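1. Generate coordinates for the sequence data below:
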Amino acid sequence: MGDLHRTNRLIFSLDGRLLTSSVSCEAGRKLISWDLQTGVVVSAISAERGHYPGSIAYSACGTIFGAISYGSDDSNDATVNTYNVLSGTHICSHLVEGPVKGEIQAHGECLRFTTMTPGSITTWEAGFASTHAPTKVEILPVPDGCHDLQSLLVHPTLPRLALICEQRVRVWDTQHSKFLLDFAHGGFSNAMSFSPDGRFFASSGVTPEGIFTGIYQWKESHTSYVPHQRLIPDSSTARPLISPNGRTVIMFGSTAIQLWHTTESTTSRSIVLAQTSRSNGRYFVLGFSPDEALAAVVREGDKTITVLDLKSGVPRLTIDAGMEVYGLGFTGSNVVAIGEGEIVTWDLPAGDHVLDLRANITDSIRTVTFDYHRHHIGQPYLDILTSPDLHHVAIVRSASFNSSYLGLYDVRTGQHLQTVTHDHSIYTPWFTPDGREVWYVRGDGGLDGWKIVEDSKSDVTELEHLGSTEHQPDGPPSRSSRGYQITDDQWILSPSGKRLFWLPPQWRGLNMKQVWGKRFLALLGGKLPEAVILELE
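-> Sure thing, here's the model as predicted:
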């Protein structure tokens, strides 16, 4: 939606096939639904004139949803409207006297919502396709110490009630009259979400000074909810939404929608680098460790490297490289940074639980200086990339307006090995997964490939031309060594062909760099405010 201004609400259908959003756009306020198998818009329903769409809930059949709306006047009265998602037609309306507390919920083919009076919480029910007035389902006492409620959320099928009050978020077991969770964000919580089966719960936090503290997710245990993960979106108004199977968390704020793919033990999360909030069009540079326990990331040309623990999502090491960094990699127990003229290596901290250490150039264990080929000296830099085995560095420089050089260097010694001169500009160079070939896009849109040939007897390394093509290339391979791939319609497929994840528009495009690991995919676009890492299993 090119005219999308603000996303107010998001909800999955119960089978996970559809996603509906309440948005504000140039054409007014709309309820837009997408088919998650194809990514196409199923329907776009205009809200009633002068009304503000609120929370949304799907019926069990998956073809009807209800949306609460409030008038633009000072009245607290609300209306719940139901719609056919496939045809985009209005079905019926239910008038609610007084403000609705929290989100509306689905209970089979009925809608449920909650109102509050002093000392009691009342749950109401209305049919998705029925014109009958809502009926009372349950009246609950307000838990002790929770009378100053800012918001509440009733689970539609389980005896659980989530509340925000007195700068705390709490989950109340209404059957046994006890708290399953009582947590202080250090400020305020502004949104909550249960997974449909109740196994996961999420809430967001903001300090009294307005500083966003992140999305907190808890997992159900035998007697309570225990911490599962903490996510740091780039929007201070982000709200959490847990998918029906609990494996995906979506954050939506005023300007962006972000998605995380969740497993039982870890989460694919965004890495927010405060020191690189202004991208200026520069890409991120990222490298995975051989066992994929760690990832090193930096905005190209910056000096601060973050080494992230991919299991916990917590920084293990922050390095002030003392130089502008354009390439990263791991070898054994070391992290290697490649700059304009040097290759610098640091030891990684030992042990799995050593977190957030600091290092600088004086802590490095090795520095290698490039033996630049004479053609490269003083020429404008275009790109630096390292081979997957970290044996070679390819450096692309501009010789003139319409010609370029690609130089090959040895990472261990900095020695210049070979240079290729091209009559066209060179763009988007990449190595094949085995590190034995290097390819690039020419300025005329064609594709050139070179094979790295090593002669052990003469100790000479050369580049052997593999050929050129005039066909418009797709860029670097969109497939991992384990068979994960990205389709033309932007779905990530498992090796068996199962659809795992649909890339939103801001995470794709010809200018988006993709770095594949065995079970991770990093997206490193120049316009992204953060590097995005997705775990694929």
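
2. Contact partners for Gly329?
-> Residues in contact with Gly329, defined by Cβ atoms under 8 Å, 6 or more residues apart in numbering, are Gly287, Ala296, Val335, Val336, Ile338, Thr386, Leu390, Val411. For glycine as for every other residue, the C-beta is placed from the backbone atoms N, C-alpha and C.

3. Among those, give me the pair with the biggest separation.
-> Maximum pairwise distance among those (Cβ to Cβ): 14.9 Å, between Ala296 and Val411.

4. Those two: which is more packed in?
-> More neighbours surround Ala296 than the other of Ala296 and Val411, with 25 against 21 (other Cβ atoms under 10 Å).

5. mind checking how far the helix or strand hosting the more buried one is from the chain centre?
-> Of the helices and strands defined by DSSP states H and E, Ala296 is found in strand 294-299. If you compare the mean C-alpha spot of strand 294-299 with that of the full chain, they lie 16 Å apart, counting by Cα atoms, centre = their mean, to the nearest Å.

6. counting contacts, what elements does it pack onto?
-> Counting contacts by 3 or more Cβ pairs under 8 Å, 6 or more residues apart in numbering; DSSP states H and E, strand 294-299 is packed against strand 284-288, strand 304-309, strand 325-331, strand 334-339, strand 520-523.

7. Taking strand 284-288 as reference, get the angle to it.
-> 170 degrees (axes from the mean of the first three to the mean of the last three Cα atoms, to 10 degrees).

8. what sits up against strand 294-299?
-> Taking Cβ under 8 Å, 6+ apart as the criterion, the residues outside strand 294-299 that touch it are 271, 273, 276, 279, 282-289, 304-310, 316, 321, 325, 328-330, 335, 337, 348, 520, 522, 531, 533.

9. Quick check: neighbours of that strand in the sheet, parallel or antiparallel?
-> Using DSSP bridges, the strands paired with strand 294-299 in its sheet are strand 284-288 (antiparallel), strand 304-309 (antiparallel).

10. Serialize those to a markdown table and add fields for distance to Arg479.
-> Compiled in a markdown table, the strands paired with strand 294-299 are given as follows (distance: least, Cβ to Cβ, whole Å):
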| stretch | distance to Arg479 |
| --- | --- |
| strand 284-288 | 16 |
| strand 304-309 | 24 |
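
11. hang on, the earlier thing: also compute the angle for the strand holding Ala296 relative to strand 334-339, please.
-> If you take the same axes, to 10 degrees, strand 294-299 sits at 20 degrees to strand 334-339.

12. What are the phi and psi values at Trp507?
-> phi -110, psi 20 (degrees, to the nearest 10).

13. what's around it, how many residues?
-> Counted with other Cβ under 10 Å, the neighbours of Trp507 add up to 19.

14. Bridged to the residue nearest to it when sequence neighbours are not counted, which residues?
-> Nearest residue to Trp507 in three dimensions, chain neighbours excluded: Leu523, at 5.1 Å (Cβ to Cβ, 6 or more residues apart in numbering). Applying DSSP bridges to Leu523 gives these bridge partners: Gln514, Val532.

15. Could you report the neighbour count for Leu523?
-> For Leu523, which is what you asked about, the neighbour count (other Cβ under 10 Å) is 21.

16. before we move on, what about Pro227?
-> Applying other Cβ under 10 Å, we find 11 residues neighbouring Pro227.

17. now it: how far from Lys311?
-> Distance of Pro227 to Lys311, computed by Cβ to Cβ, to the nearest Å: 14 Å.

18. do Tyr326 as well
-> Shown here: Tyr326 relative to Lys311, a distance of 28 Å by Cβ to Cβ.

19. For these two, work out which one has more neighbours and name it.
-> Shown here are Tyr326 and Lys311; by other Cβ under 10 Å, Tyr326 has more neighbours (23 against 14).

20. My guess is that one contacts Glu342. True?
-> No - distance between Tyr326 and Glu342: 10.8 Å, which falls outside the contact criterion (Cβ atoms under 8 Å).

21. Deepest-packed of the helices and strands packed on strand 294-299, please.
-> Comparing the helices and strands packed on strand 294-299 by mean neighbour count (mean count of other Cβ atoms under 10 Å), strand 284-288 ranks first with a mean of 25.

22. now that strand: how far from the chain's centre is it?
-> The gap between the average C-alpha position of strand 284-288 and the chain average comes to 16 Å, counting by Cα atoms, centre = their mean.

23. ok, residues contacting that strand?
-> Taking Cβ under 8 Å, 6+ apart as the criterion, the residues outside strand 284-288 that touch it are 276, 294-300, 325-330, 335, 386, 513, 515, 517, 520, 522, 524-525, 528, 531, 533.

24. With only the CA atoms kept, save the stretch of helix or strand Thr213 belongs to in CSV.
-> In this assignment (DSSP H and E), Thr213 forms part of strand 212-220. Extracted C-alpha coordinates of strand 212-220, given in CSV (Å, rounded to 0.1, in the frame of the first residue of the first chain):
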residue,chain,number,x,y,z
PHE,A,212,10.9,2.5,24.9
THR,A,213,12.3,-0.6,26.8
GLY,A,214,11.2,-3.3,24.3
ILE,A,215,8.7,-6.1,23.9
TYR,A,216,8.8,-8.7,26.6
GLN,A,217,7.6,-12.3,25.9
TRP,A,218,6.8,-14.9,28.5
LYS,A,219,6.2,-18.6,28.1
GLU,A,220,3.8,-20.7,30.2
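
25. What is it packed up against?
-> Counting contacts by 3+ Cβ pairs under 8 Å, 6+ apart, the secondary-structure elements packed against strand 212-220 are strand 200-206, strand 225-231, strand 239-242, strand 248-252.

26. switch the cut-off to 7 Å
-> Counting contacts by 3 or more Cβ pairs under 7 Å, 6 or more residues apart in numbering; DSSP states H and E, strand 212-220 packs against strand 200-206, strand 225-231.
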